[in-house]
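Engineer: next input, structure requested:
(chains A and B)
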Amino acid sequence: GAVVSQHPSWVICKSGTSVKIECRSLDFQATTMFWYRQFPKQSLMLMATSNEGSKATYEQGVEKDKFLINHASLTLSTLTVTSAHPEDSSFYICSASGQNNSPLHFGNGTRLTVT
Amino acid sequence: GEDVEQSLFLSVREGDSSVINCTYTDSSSTYLYWYKQEPGAGLQLLTYIFSNMDMKQDQRLTVLLNKKDKHLSLRIADTQTGDSAIYFCAETLSSNTGKLIFGQGTTLQVKP
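Structural biologist: The predicted structure is shown next:
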């Protein structure tokens, strides 16, 4: 069964509003979670690394004020897309690993459409 | 920099074997992964291999790693229509990071 749960699976919002996406590890604790973005028919690009109890680490070119990440517990990370615009429409996927040397498991993704 | 390349499309008949190929550039890769993505869904981890291994088999899946040529392949035996999906090859340079470098994905089409 799924070891990483992501919610919601899809969301439609109006331009200018904010959207929060949750990523939960179901049967393990994850001090680190990762957020990816996937454009249609393209591969995944790492956006940021979410660290429990500390600030997220963002990849080059990713606006940290636009994509707010909070990792408040060992099983939950949230990504908030602030003041969303149509160009933010994409598929957002989170992943987590329970321990060092163990493979990453991905959530089912969130399809965001900004109108 | 790091780069992972895959062919974009593969079509096979049901019951045949499928072989999806991947090449990577960074010789310091420690882990190499195969993920499956069905339409509108997230990524499902299929299998992974450590860089010090040459082969790994798991039921219908066989992964071969040629470190000299930096070539990774995924063989699916007795391919079924349910195997139709996009398959991503990915590498990571460290066991402690989620910075996977993904290939472009190979769309596998299985014809009945």
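
Engineer: sec struct for A:Ile69, please.
Structural biologist: strand (DSSP: H, G, I helix; E, B strand; the rest coil).

Engineer: next, the buried residues of the helix or strand encompassing B:Thr107.
Structural biologist: For B:Thr107, the element it lies in under DSSP states H and E is strand B:106-111. Using 16 or more other C-beta atoms under 10 Å in any protein chain shown as the test for burial, strand B:106-111 gives B:Thr106, B:Thr107, B:Leu108, B:Val110. Where C-beta positions appear, they are placed from N, C-alpha and C, glycine not excepted.

Engineer: tabulate the CA atom coordinates of that strand in CSV.
Structural biologist: Output of strand B:106-111 as CSV, limited to C-alpha atoms (Å, rounded to 0.1, in the frame of the first residue of the first chain):
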residue,chain,number,x,y,z
THR,B,106,10.0,6.1,-21.7
THR,B,107,6.4,5.6,-22.7
LEU,B,108,5.7,1.9,-22.9
GLN,B,109,2.8,0.9,-25.1
VAL,B,110,1.6,-2.7,-24.8
LYS,B,111,-0.6,-3.9,-27.7
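
Engineer: so which elements touch that strand?
Structural biologist: Strand B:106-111 is packed against strand B:9-13, strand B:18-24, strand B:85-92, with contacts defined by 3 or more C-beta pairs under 8 Å, 6 or more residues apart in numbering or on different chains; DSSP states H and E.

Engineer: ok, for the residue positioned nearest the centre of chain A, nearest residue in space, not its chain neighbours?
Structural biologist: Closest to where the C-alpha atoms of chain A average out (C-alpha atoms, centre = their mean) is A:Trp35, at 3.8 Å. Nearest residue to A:Trp35, sequence neighbours excluded (C-beta to C-beta, 6 or more residues apart in numbering or on different chains): A:Met47, at 4.6 Å.

Engineer: in what helix or strand does that neighbour lie?
Structural biologist: strand A:44-51.

Engineer: which parts of chain A sit against chain B?
Structural biologist: A:6, A:32-34, A:42-44, A:46, A:49, A:93, A:95-97, A:100-101, A:103-109, A:111 (C-beta under 8 Å from any C-beta of the partner chain).

Engineer: which ones among the residues you listed lie within strands?
Structural biologist: Members of those lying in strands (criterion: DSSP state E): A:6, A:32-34, A:44, A:46, A:49, A:93, A:95-96, A:105-106, A:111.
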